[in-house]
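Trainee: pasting the structure only:
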């Protein structure tokens with residue numbers, strides 16, 4: 001008996017499959033369970049994403065920007081402060097503090113507390129405490145109990161200033177402006193002729209002794225000072241151009257005097273052994289000498305100038321200026337005060353002695369004779385002291401021009 005495959009029409013609801021095409025169908029219940037688990041997992045993930053911030057503990061989160069600061073100073077005139085922003089990107093109060101591993105890095109403020117706003121820390125390198133080159137530092141911001149704490153900010157400071165620029169900053173601080181290759185915006189007198197500096201690119205810095213020799217031979221100070229016609233700016237212009245022509249680097253300098261609408265001009269040199277030196281070669285001006293009894297014609301008008309913002313502008317004759325430091329000027333001024341006080345005492349004793357002996361014959365051994373002898377010996381002692389002081393101080397004392405407020409230097 002042979003079993004044959006039926007073909008053609010079949011009764012409704014019955015289906016016959018070729019034995020060669022039979023496949024095993026997966027159970028439908030397992031498939032439905034699989035898709036159900038996928039849907040549940042997806043829903044759970046979405047719910048977790050939505051509810052998780054509400055379920056987490058409320059904590060602040062520290063955020064700092066920027067994380068790198070770079071300062072560059074190529075002139076010695078200083079750098080602008082830069083800012084770092086501290087933010088709380090979490091919840092609750094964020095108490096922070098910042099510190100640096102470099103003592104020359106100034107941070108203000110160093111602590112703070114925020115909830116949602118931001119706070120700014122200003123970062124300022126003290127370049128006067130640094131040498132030329134590149135310096136590195138790190139700031140650390142710490143917020144106890146906060147996410148992302150601590151945060152670090154790296155700092156680089158590049159200093160490429162010329163030596164005289166750094167020396168100027170050391171001496172004058174923030175009260176100075178330094179310019180290179182710029183003509184000063186000043187005129188020489190009422191006719192409006194501009195100051196014109198002639199620079200020599202081959203000029204070099206010289207020693208103090210070499211500068212003194214040049215100043216002694218230079219004729220700039222021999223010209224008379226003429227009000228409203230030939231004043232300090234012209235003398236400074238001439239000395240600058242003469243020095244540059246002689247191969248010596250020079251600067252033209254202007255200063256502002258407190259309470260005066262009229263400034264003053266002079267020169268600056270950067271010596272290789274004594275550093276920055278200010279020089280005032282303004283010619284003969286009787287009003288510039290402190291004592292009216294002094295013969296102005298006998299004064300050397302080549303003078304070393306002493307500048308310190310907030311202090312008086314001082315002058316010492318070139319042949320008496322042993323140092324360009326402002327402290328030397330203070331010592332020199334005190335020595336002059338002592339000399340004048342001694343001179344006053346000498347004159348008082350001399351007047352007493354002259355009154356005692358003038359037109360009179362004193363009896364030997366009398367009280368008046370003994371007093372006269374004592375005064376004479378005392379006057380001799382004072383005379384020796386005064387002559388030694390005068391030899392050290394020189395014949396001329398120059399009047400201070402006033403209190404220096406600001407300095408502008410044009411190299």
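Mentor: Looks like it came in fine. From a predicted model like this one, the values you see are computed outputs, not experimental measurements.

Trainee: Contacts for stretch 247-256, please.
Mentor: Here stretch 247-256 makes contact (C-beta atoms under 8 Å, 6 or more residues apart in numbering) with 164, 184, 186, 195, 197, 200, 202-206, 210-211, 214, 233, 236-237, 239-240, 243-244, 263-270, 278, 307, 313, 404-411. Where C-beta positions appear, they are placed from N, C-alpha and C, glycine not excepted.

Trainee: Show me where the chain has its helices.
Mentor: Remark: helices assigned in the chain by DSSP state H are 28-55, 163-172, 208-217, 232-245, 326-357, 367-393.

Trainee: mind putting those helices in CSV, mean pLDDT, mean neighbour count and distance to residue 191 included?
Mentor: Formatted as CSV, those follow (pLDDT from 0 to 100; neighbours: other C-beta atoms under 10 Å; distance: least, C-beta to C-beta, whole Å):
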stretch, mean pLDDT, mean neighbour count, distance to residue 191
helix 28-55, 60, 9, 78
helix 163-172, 75, 20, 32
helix 208-217, 96, 17, 28
helix 232-245, 96, 22, 11
helix 326-357, 94, 14, 35
helix 367-393, 92, 13, 39
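
Trainee: And those helices: which comes nearest residue 149?
Mentor: helix 28-55 (19.3 Å; C-beta to C-beta).

Trainee: residue ranges with poor pLDDT in the protein?
Mentor: Scanning the chain for pLDDT under 70 picks out 1-42, 44-57, 75-78, 128, 161-164, 286-287, 290-297.

Trainee: Outline the domain layout of it.
Mentor: As given by automatic domain parsing, the domain ranges for the chain are 62-161, 164-330+399-410, 334-393.

Trainee: Buried deepest among these, which one?
Mentor: domain 164-330+399-410 (a mean of 18; mean count of other C-beta atoms under 10 Å).

Trainee: one step back: now the domains of the chain as a markdown table including distance to residue 43?
Mentor: Below are the domains of the chain laid out as a markdown table (distance: least, C-beta to C-beta, whole Å):
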| stretch | distance to residue 43 |
| --- | --- |
| domain 62-161 | 27 |
| domain 164-330+399-410 | 66 |
| domain 334-393 | 91 |
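
Trainee: Any idea which of the helices of the chain gets closest to residue 117?
Mentor: Closest of these to residue 117 is helix 28-55, at 20.6 Å (criterion: C-beta to C-beta).

Trainee: Am I right that residue 263 is in contact with residue 231?
Mentor: No: taking contacts as C-beta atoms under 8 Å, residue 263 lies outside contact range of residue 231: 10.7 Å.

Trainee: Centre of the chain to stretch 314-326, how far?
Mentor: With C-alpha atoms, centre = their mean, to the nearest Å as the basis, stretch 314-326 stands 25 Å off its chain's centre.

Trainee: just stretch 130-139 next, same as before
Mentor: The answer for stretch 130-139 is 16 Å, by C-alpha atoms, centre = their mean.

Trainee: Pull the residues that contact that stretch.
Mentor: Contacts of stretch 130-139 (C-beta under 8 Å, 6+ apart): 84, 98-102, 104-105, 107, 123, 125, 152-161, 166.

Trainee: Give me the phi and psi for residue 103.
Mentor: As for residue 103, its main-chain torsions (degrees, to the nearest 10) stand at phi -70, psi -20.

Trainee: roughly how far apart are it and residue 137?
Mentor: 9 Å (C-beta to C-beta, to the nearest Å).

Trainee: and what of residue 120?
Mentor: Counting by C-beta to C-beta - residue 120 and residue 137 are separated by 19 Å.

Trainee: Then residue 118?
Mentor: Taking C-beta to C-beta, one finds residue 118 at 23 Å from residue 137.

Trainee: Residue 322 now?
Mentor: 40 Å.

Trainee: again with residue 236
Mentor: 41 Å.

Trainee: And residue 67, by the same measure?
Mentor: Using C-beta to C-beta, residue 67 is found at 13 Å from residue 137.

Trainee: Quickly list what's touching both of these two.
Mentor: With C-beta under 8 Å, 6+ apart, residue 67 and residue 137 have common neighbours residue 154.

Trainee: quick one: contacts for the residue lying closest to residue 229 once chain neighbours are set aside?
Mentor: Leaving aside its chain neighbours, residue 229 sits nearest to residue 189 (5.6 Å; criterion: C-beta to C-beta, 6 or more residues apart in numbering). Going by C-beta under 8 Å, 6+ apart, residue 189 touches 228-231, 233-234.

Trainee: let's see it at 10 Å
Mentor: Residue 189 is in contact with 226-231, 233-234, counting by C-beta atoms under 10 Å, 6 or more residues apart in numbering.

Trainee: ok, of those, which one's closest to residue 143?
Mentor: Nearest to residue 143 among those: residue 233, at 57.8 Å, using C-beta to C-beta.

Trainee: From residue 208, how far off is the closest residue to that closest one other than its chain neighbours?
Mentor: Distances taken as C-beta to C-beta, 6+ apart place residue 265 nearest to residue 233, at 4.2 Å, with adjacent residues excluded. For residue 265, the distance to residue 208 (C-beta to C-beta) stands at 22 Å.
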